[in-house]
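Asker: curious how this folds, go ahead:
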Amino acid sequence: MAYERHFIKDAKKGNKLRTHVRMIVDGSMVLTDELQEGAATDPGAVWKPLRAQACDGDFEALAYADGQEFMRLTKGGWRLAAADGAPLSEGGDILSLRPRNPGPLAVLTAEGSYPSFDWYDYFEYAVSRIGVVWAWDDPEAAMEWSARMTPVQMALWAIANADGQICNGGFSQFFYNSYGELAHEALAGFELLGMAPYADILREAYAVFPGQRIPKDPDERVALLETMARDDEATAARLRAASNGIEHASAIFKGAEDLWVALEAHYCALIHQDIGVRGYNVAFYKPLCECIESRAGGVFR
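Answerer: Residues are numbered from 1 along each chain as shown. Predicted coordinates for the structure are as follows:
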């Protein structure tokens, strides 16, 4: 299951010299090295070890490499490169470099195979690359990356962000924050993956918006939430008195959250169901992971 990824970074602004590193996944180890001298393809190339991460198993190593270590490199100014250090096309088309298929769930979840395996980790692994490139509140960038993503990638990415917001601060927070731009994609994602109870909850939550349309533009979306929250004088007064973003958001939440509180409770009850399987919110993540595996061609290499 070993594989390599190479990255380069200009040594200085305007300087053609580049620093070259490689990341190797070998069994349960993730190794990151820097080229010291010569060409990477030379048999005598000298690599200086930078980091070594020991993981609990092959899957954990893949998840670490395609998550934390990949994020560290791509967020640190590095660009994807070929093994000889030649730069790849713009951005390396990161989304086309899908995570490596970690293997059948039946093997990963078998008793004693991966003691630390969690369904949530498998789900996060599946969307790890998308988080590296997605730009919030940038419609043009969103359109560009959406066009490169498979339908199931888009579904998983939207669901991941919708779920995180709903569980953290409810529908009010989901709609108020940047993540609200993926509201319709999250609903379509639940429908695509056959998770009808979740799709029904979102559809009902969206019904309070005129025409059930949730604007992608953040300013338009927040303005609409303000209008919906001004039904009572107390909320209107809080909005007028708000002096910063947190107070502004809080005023909207207090004025609108009662519209969705019952739906939030229903949503949380679904994800926290006890289905007799060990794991974090396993009633939610297990069926999602099974959907991922059944559509592996749209998620993994």
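Asker: identify the single longest helix in the chain, thanks.
Answerer: When the chain is parsed with DSSP state H, its longest helix is helix 151-176.
Asker: okay, the angle between the very next helix or strand once past that helix and helix 151-176?
Answerer: Using DSSP states H and E, the next helix or strand after helix 151-176 towards the C-terminus is helix 183-192. Per axes from the mean of the first three to the mean of the last three C-alpha atoms, to 10 degrees, the angle that helix 183-192 makes with helix 151-176 is 130 degrees.
Asker: Ala141 touches Ala147, doesn't it?
Answerer: No - contact status for Ala141 versus Ala147: not in contact, 10.9 Å apart, counting by C-beta atoms under 8 Å. Where you see a C-beta, it was placed from the backbone N, CA and C, and this is true even at glycine.
Asker: where does Ser243 sit relative to Ala251, distance-wise?
Answerer: Counting by C-beta to C-beta, to the nearest Å, the gap between Ser243 and Ala251 amounts to 11 Å.
Asker: kindly apply the preceding question to Met23 instead.
Answerer: On the measure of C-beta to C-beta, Met23 and Ala251 end up 46 Å apart.
Asker: just Arg213 next, same as before
Answerer: For Arg213 relative to Ala251 (C-beta to C-beta), the value is 23 Å.
Asker: let me see the domain layout of this structure.
Answerer: According to automatic domain parsing, the chain comprises the domains 1-88, 145-298.
Asker: check contacts around the closest residue to Gln165 other than its chain neighbours.
Answerer: Using C-beta to C-beta, 6 or more residues apart in numbering and skipping residues adjacent in sequence, the residue nearest Gln165 is Phe174, 3.7 Å away. Phe174 sits next to Ala162, Gln165, Ile166, Gly180, Ala183 when contact means C-beta atoms under 8 Å, 6 or more residues apart in numbering.
Asker: ok, so of those, who is nearest Asp66?
Answerer: Of all those, Ala162 has the smallest distance to Asp66: 22.3 Å, by C-beta to C-beta.
Asker: burial count for that closest one?
Answerer: Residues near Ala162, counting by other C-beta atoms under 10 Å, number 24.
Asker: which non-adjacent residue is nearest it?
Answerer: That would be Ala186: by C-beta to C-beta, 6+ apart, it lies 3.7 Å from Ala162.
Asker: measure that neighbour to Leu202 for me?
Answerer: The gap separating Ala186 from Leu202 is 6 Å, by C-beta to C-beta.
Asker: which other residues reach the host helix or strand of Cys289?
Answerer: Per DSSP H and E, Cys289 falls inside helix 282-294. Helix 282-294 has contacts (C-beta under 8 Å, 6+ apart) with 104-105, 118-120, 122-123, 126, 152, 156, 159, 163, 193-195, 270-275, 277, 279, 299.
Asker: out of those, which are buried?
Answerer: 105, 118-120, 122-123, 126, 152, 156, 159, 163, 193, 195, 271, 279, 299 (16 or more other C-beta atoms under 10 Å).
Asker: among those, which one sits closest to Val132?
Answerer: Val132 lies nearest to Ala126 out of the buried ones among the contacts of helix 282-294, by C-beta to C-beta, at 13.5 Å.
Asker: for that closest one, give me the pLDDT.
Answerer: pLDDT recorded at Ala126 is 93.
Asker: repeat that for Leu224.
Answerer: The model reports Leu224 with a pLDDT of 85.
Asker: no further queries at this time; thank you.
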